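Peer 1: how does the following fold in three dimensions:
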Amino acid sequence: MPRRVGAATRPGAALTAAALSLPLGGGRAAPRPPPRPCPARRRRPATAPLTGRLLACRTPSAPRPEPAAAGREAAMSLLSAPVPLLRVYWIGLLVILHQLRHRLLPRCPPTPVFPTQNGKVAIVTGGAKGIGYQTVKHLARLGMHVIIVEFLYCDLASMKSIRQFVQRFRAKNCPLHVLVNNAGVMLVPERKTEDGFEEHFGLNYLGHFLLTNLLLDKLRQSGTHSHNARIITVSSATHYVGKLHLSDLQSRCSYSPHGAYAQSKLALVLFTYQLQHLLAANGSHVTANVVDPGVVNTELYKHVFWVVKVAKWMTAWLFFKTPEEGASTTIYAAVSPEMEGVGGCYLYNEERTKSADVAYDEELQRRLWTESCKMVGISD
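Peer 2: Predicted coordinates:
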């Protein structure tokens, strides 16, 4: 039985809120250098091997492996859990050290000033707490009408619930200028959504994939040449160590919560790049970008080891970003004039930066898109 909880605890829950009159605080962590152009889409030579890192399960009818091969298979099975774990914690440590260096450097950051957004409508998934709540608060302060999935309920782990949410939103007959795909789970034990998808892949990625596709027509209608509609998807630095197993996207062969989480975050980056390519090819006044909030002190760490929980409790004030600091790049992508008409970028600390090399593989982007359409039941 899939887990269904209320919006107050569900990371995929959203609610409808009009402009909130809440005070803003904080600002940018450091002055930004001049923006760099987004990395060009790289076309893989036709003769190059697929970088999708396919993982195939051996069927019962397969011939019995040789003893040496069986030993290698057993060794790989034993490493399937600790290797992703070590990779995820390693990249997390690197980000924390970068944040610490950034925090300790003497600086005088300017307070960000964004134009008012009166009359605009935004949807923020996972907007009841953490980074999502801070995003909602700032957008509402700028004058946006913000829908977070709670009053308009949407369970991102349920394809049926997503379709019902979109129907209710359409019934309101209002425009949609900003979609923030923020909700997610992290390092949960192995379990399935009500549609049978592994929870990281189903909620973090497939739920947002379907929601975005079902809302694309609204976004296209709302975007104009001078004011594009914007899609912002929240990934993380763990995508750098993620591996996309196209033949085992549900992690049935061997489950690692760290590997599944990293795969879902890599899928979000691939999805964003392919989405931007399709939007640009169709001449739509809609842009799609992906953001990395950094290592942020939120409630997502409930499934980490107890040692990590203790270390976080003792040091988060110094090493971790606050939720407000974590939301700054999302807000920048949603309303900054500098991002007007700009899409297909990976943003960190409000700067355009390079994502993992594999994320630029166009064939992998297309194959994931096609497979995702089949999984959620929409046309490619």
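
Peer 1: just checking, what packs against the lengthiest helix in the chain?
Peer 2: Ranked by residue count under DSSP state H, the longest helix found in the chain is helix 257-281. Contact here means 3 or more Cβ pairs under 8 Å, 6 or more residues apart in numbering; DSSP states H and E; on that basis helix 257-281 packs against helix 82-104, helix 208-222, strand 229-234, strand 286-292, helix 362-376. In this view, the C-beta of every residue, glycine as well, is placed from N, C-alpha and C.

Peer 1: how about residues contacting the second one?
Peer 2: In other words, helix 208-222. 121, 123, 125, 154, 156, 159, 162-163, 165-166, 169-170, 175-177, 179, 181, 183, 229, 231, 233, 268, 271, 275, 284-286, 372, 376, 378 (Cβ atoms under 8 Å, 6 or more residues apart in numbering).

Peer 1: roughly how far is that helix from the heart of the chain?
Peer 2: 16 Å (Cα atoms, centre = their mean, to the nearest Å).

Peer 1: angle of that helix against strand 229-234?
Peer 2: Interaxial angle, helix 208-222 versus strand 229-234 (axes from the mean of the first three to the mean of the last three Cα atoms, to 10 degrees): 160 degrees.

Peer 1: residues of helix 208-222 that come out buried?
Peer 2: 208-216, 218-220, 222 (16 or more other Cβ atoms under 10 Å).

Peer 1: re the thing from before, let's have the helices and strands packed on helix 257-281 in TSV, adding mean pLDDT and distance to D195.
Peer 2: Shown next, in TSV, are these (pLDDT from 0 to 100; distance: least, Cβ to Cβ, whole Å):
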stretch	mean pLDDT	distance to D195
helix 82-104	90	24
helix 208-222	98	10
strand 229-234	98	20
strand 286-292	98	24
helix 362-376	97	8
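
Peer 1: of the ones you listed, which approaches S336 most closely?
Peer 2: With Cβ to Cβ as the measure, strand 229-234 is the member of the helices and strands packed on helix 257-281 nearest S336 (9.8 Å).

Peer 1: hey, C-alpha coordinates of the closest one in CSV?
Peer 2: Provided in CSV are the C-alpha atoms of strand 229-234 (Å, rounded to 0.1, in the frame of the first residue of the first chain):
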residue,chain,number,x,y,z
ALA,A,229,6.7,31.6,-19.0
ARG,A,230,9.3,29.8,-16.9
ILE,A,231,9.7,26.2,-15.7
ILE,A,232,12.2,25.7,-12.9
THR,A,233,13.1,22.2,-11.7
VAL,A,234,15.0,21.6,-8.5
